[in-house]
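**Q** test case, fold it:
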Amino acid sequence: MKITLAFIGYIVGIFIGIIILAMITAASNQDFTKNSFVFGNICGIICAIIGYSLPKNKNPSK
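**A** Purely as a prediction, here's the structure:
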């Protein structure tokens, strides 16, 4: 389950990183899209670490 959350976090992080760079590029006159792969992977790794370290809920509320 933790690996699945980490993988989903990685994919979501890549999209979040690319969206952030797209918003910064649209707001300014500079082109940040050439760094989108690196920034997207950094955001993906951060989100994967967060997803992997989420505690498992042992007492689900009923």
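**Q** okay, now the closest residue to Gly17 other than its chain neighbours: neighbour count?
**A** Spatial nearest neighbour of Gly17, excluding adjacent residues (C-beta to C-beta, 6 or more residues apart in numbering): Cys43 at 3.2 Å. To be clear about C-beta, it is placed using only N, CA and C from the backbone, and glycine gets the same treatment. Per other C-beta atoms under 10 Å, the neighbour tally for Cys43 reads 22.
**Q** so how many other residues sit close to the closest residue in space to Lys2 that isn't next to it in sequence?
**A** Leaving aside its sequence neighbours, Lys2 sits nearest to Tyr52 (C-beta to C-beta, 6+ apart; 5.2 Å). Tyr52 has 15 neighbours, counted by other C-beta under 10 Å.
**Q** dihedrals phi and psi, Ser53?
**A** When read as degrees, to the nearest 10, the backbone of Ser53 gives phi -90, psi 10.
**Q** what about it, distance to Met1?
**A** Here Ser53 is placed at a distance of 13 Å from Met1 (C-beta to C-beta, to the nearest Å).
**Q** which one of the two has more residues nearby?
**A** Ser53 (11 against 7).
**Q** next up, the contacts around that one.
**A** Going by C-beta atoms under 8 Å, 6 or more residues apart in numbering, Ser53 touches no other residue.
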